[in-house]
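Visitor: fold the stuff below for me.
(chains A and B)
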Amino acid sequence: EVQLVESGGGLVQPGGSLRLSCAASGFTFSNFWMSWVRQAPGKGLEWVANIKQDGSEKYVVDSVKGRFTVFRDNANNSLYLQMNSLRAEDTAVYYCARDGSFEAFDIWGQGTMVTVSS
Amino acid sequence: DIQMTQSPSSLSAPVGDRVTITCRSSQSIRTYLNWYQQKPGKAPKLLIYAASSLQSGVPSRFSGSGSGTDFTLTISSLQPEDFATYYCQQSYSTLGTFGQGTKVEVK
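Guide: Numbering: from 1, shown residues only, chains lettered A, B, ... in the order given. This next block holds a predicted model:
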């Protein structure tokens, strides 16, 4: 079964750090771009970051530049999002997603909740 | 950055109705436009990619059209399980921006 499973979310104080993980199974992970998408409570979807198959290209949305880093471990079929200097506005459910045909997100994880609060 | 604007932001319709949602991009994105359905507490689900290609397993009552800057998602006959929020998303640029969403509610 093709599957993505996120982990690593939780409650963190402003200015703190968190690393999210996404474990992929059921497909050849190293063949696909991968992305992170987030959704603040009651709000819409926001693309956060993506990374090329071999990790040689990676992009993040302006609001997290310099604070978030995306990376991957193809040997272990895993995607990561390192989040530093967290702010209240980073509070959201974070999803990992596979970039399929036409770079549409065809497979999604169940999401992991990140809450930034004192 | 490419901005995506959906309309309406919400609508109510009875079961069996034909429903159309529109999405407009701030610049041409050719046919790099995708549609997702999201139900409360669940991850989004891909419905349409490349403006008009139906994702495997998605019912044929869903269809998409458009190119350039103007796109539509049509549900030909609204079913009870279709009440959800729908998002468009452009994949033309690396920053894959989403529309703000359209909530479809039962009338």
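Visitor: where does the residue most central in space within chain B fall, helix, sheet strand or coil?
Guide: Against the mean C-alpha coordinate of chain B, by C-alpha atoms, centre = their mean, the closest residue is residue B:35 at 3.8 Å. Put simply, residue B:35 is strand when judged by DSSP: H, G, I helix; E, B strand; the rest coil.
Visitor: so who does it touch?
Guide: B:23, B:46, B:47, B:48, B:49, B:62, B:64, B:73, B:86, B:87, B:88, B:89 (C-beta atoms under 8 Å, 6 or more residues apart in numbering or on different chains). Glycine gets a C-beta too; all of them are placed from N, C-alpha and C.
Visitor: quick check, nearest of those residues to chain A?
Guide: residue B:49 (3.7 Å; C-beta to the nearest C-beta).
Visitor: from what I can see that closest one touches residue A:104, true?
Guide: Yes - using C-beta atoms under 8 Å, residue B:49 makes contact with residue A:104 at a distance of 3.7 Å.
Visitor: follow-up on the earlier one: out of the contacts of residue B:35, which touch chain A?
Guide: B:46, B:49, B:87, B:89 (C-beta under 8 Å from any C-beta of the partner chain).
Visitor: run a quick neighbour tally on the third one.
Guide: By the measure other C-beta atoms under 10 Å in any protein chain shown, the count of residues near residue B:87 is 24.
Visitor: repeat that for the second one.
Guide: Using other C-beta under 10 Å, residue B:49 has 25 other residues around it.
Visitor: buried ones in stretch A:1-11?
Guide: Neighbour counts over stretch A:1-11 (16 or more other C-beta atoms under 10 Å in any protein chain shown) mark A:4, A:6, A:8, A:9 as buried.
Visitor: and what of stretch B:13-30?
Guide: By neighbour count on 16+ other C-beta under 10 Å, the buried set for stretch B:13-30 is B:13, B:19, B:21, B:22, B:23, B:24, B:25, B:29.
Visitor: closest to chain A out of these?
Guide: residue B:29 (10.6 Å).
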